[in-house]
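**Q** Okay, predicted coordinates and the sequence, questions at the end:
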Amino acid sequence: MPAAAFMQHPHANASALLGGEALRYLLRRSARRRSIGLRVDAQGLSVSAPLRAPLAEVERAIHERADWIARSMAQVGERQRSQQSAAVQWREGGSLPFLGQPVVLRLGARSASAMLEADELRLPLPAASDETAVRRAAQSWLLGQARRQFTRQLDHWAPQLGVRWQRLTVSSARTRWGSASAGGVIRLNRRLIHLPPEVIDYVVVHELAHLHEMNHSARFWQHVARVLPDFEARRERLKNVVTPEWDD
């Protein structure tokens with residue numbers, strides 16, 4: 001793997017030679033660690049090691065997992081490219097995904113609130129509005145749509161699963177699509193509103209099934225499969241989606 005293909009960690013404090021090329025990585029040591037752990041994320045490779053682990057042992061662990069590091073960095077790179085392609089141009093004529101379909105942004109709507117007409121989202125903003133204003137207006141509309149859409153889907157699937165949900169929270173989590181509490185509180189990620197309804201259905205059914213089983217046991221998956229026999233295919237689709245970033 002050539003050096004140019006390595007993701008060089010911006011906070012690197014150590015390096016290792018892989019295939020004759022330098023890989024700079026972040027090394028963290030901890031007295032609580034009992035083994036060496038490797039992680040690849042958007043910044044690059046980070047290694048967690050016991051406080052007294054020799055550097056040679058750390059480098060040996062890196063060499064033993066060189067193929068995994070290369071694959072993981074390639075996957076992260078591909079995901080970053082997908083995220084770039086999913087980025088929204090927050091301006092007149094920009095496009096964003098809504099329920100799996102592209103919607104074109106139009107400014108200058110005369111109505112007091114945002115409106116979806118066919119495949120155009122008309123925002124009540126001046127044509128010269130900056131990207132921040134357009135983004136906030138569009139995401140405010142998306143958030144309202146998310147609450148309504150998720151509520152409809154929860155109301156549709158809950159009776160089929162034989163459960164009752166009590167409250168919906170639209171979350172801004174970066175890594176979790178949803179969660180459920182034993183008290184019937186369902187959390188669904190706002191970014192789901194970008195995805196096709198059949199993919200949202202999987203997340204909704206998954207969380208509602210937790211009202212039967214607060215785990216991922218065989219019985220839990222039986223509840224999911226009973227109403228979504230093709231849940232595995234929907235789950236695979238969810239694993240590969242990339243959605244636009246939101247303001248926090």
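**A** Nice, I can see it. The model shown is predicted, which means the values in this text are computed figures rather than measured ones. Residues are numbered from 1 along each chain as shown.
**Q** and the chain, what are its domains?
**A** 3-86, 95-239 (automatic domain parsing).
**Q** weakest of those domains by average pLDDT?
**A** If these are sorted by mean pLDDT, domain 3-86 sits at the bottom with a mean of 86.
**Q** just to revisit the earlier point, out of the domains of the chain, which gets nearest to Trp246?
**A** Of all those, the one in closest proximity to Trp246, counting by C-beta to C-beta, is domain 95-239 (5.9 Å). To be clear about C-beta, it is placed using only N, CA and C from the backbone, and glycine gets the same treatment.
**Q** Check the offset of the closest one from the chain's centre.
**A** Taking C-alpha atoms, centre = their mean, to the nearest Å, the mean C-alpha location of domain 95-239 is offset from the chain mean by 13 Å.
**Q** May I have the distance across that domain, first residue to last?
**A** 23 Å (C-alpha to C-alpha, to the nearest Å).
**Q** the helices in this structure, which residues?
**A** Counting by DSSP state H, the chain has these helices, from start to end: 55-64, 66-86, 131-161, 197-209, 218-227, 231-239.
**Q** Please name every helix or strand in contact with the first one.
**A** Applying 3 or more C-beta pairs under 8 Å, 6 or more residues apart in numbering; DSSP states H and E, we find helix 55-64 packed against strand 14-18, strand 21-30, strand 44-50.
**Q** Tell me what angle it forms with strand 44-50.
**A** 140 degrees (axes from the mean of the first three to the mean of the last three C-alpha atoms, to 10 degrees).
**Q** contacting residues around helix 55-64?
**A** Judged by C-beta atoms under 8 Å, 6 or more residues apart in numbering, the contacts made with helix 55-64 from elsewhere in the structure are 14, 16, 18, 23, 25, 27, 36, 38, 45, 47, 49, 69.
**Q** what about the closest residue to the first one other than its chain neighbours, neighbour count?
**A** Which is Ala14. Distance criterion C-beta to C-beta, 6 or more residues apart in numbering; nearest residue to Ala14, sequence neighbours excluded, is Leu27 at 4.2 Å. Here the neighbour count serves as a burial measure; for Leu27 (other C-beta atoms under 10 Å) it reads 20.
**Q** can I assume Leu27 is in contact with Ala16?
**A** No - applying C-beta atoms under 8 Å as the test, Leu27 and Ala16 come out as separate, 9.7 Å apart.
**Q** circling back to that earlier point, hey, which of the helices of the chain is tucked in deepest?
**A** Each of the helices of the chain was scored by mean neighbour count; the highest is helix 197-209, a mean of 22, by mean count of other C-beta atoms under 10 Å.
**Q** Next, the angle helix 131-161 makes with that helix.
**A** Using the same axes, to 10 degrees, helix 197-209 lies at 60 degrees relative to helix 131-161.
**Q** Tell me the bridge partners for the residue nearest to Ser179 when sequence neighbours are not counted.
**A** The shortest distance from Ser179 to any non-neighbouring residue, by C-beta to C-beta, 6+ apart, is to Arg187 (4.6 Å). Partner residues in beta bridges with Arg187, using DSSP bridges, are Thr169, Ser179.
**Q** ok, so what distance separates Arg187 from Ala49?
**A** Here the criterion is C-beta to C-beta, to the nearest Å. By it, Arg187 lies 35 Å from Ala49.
**Q** Please say which of those two ends up with more neighbours.
**A** Under the criterion of other C-beta under 10 Å, the comparison of Arg187 against Ala49 puts Ala49 first, with 21 against 18.
**Q** Do I have it right that the more buried one meets Arg28?
**A** Yes - because the distance of 7.2 Å satisfies C-beta under 8 Å, Ala49 is recorded as touching Arg28.
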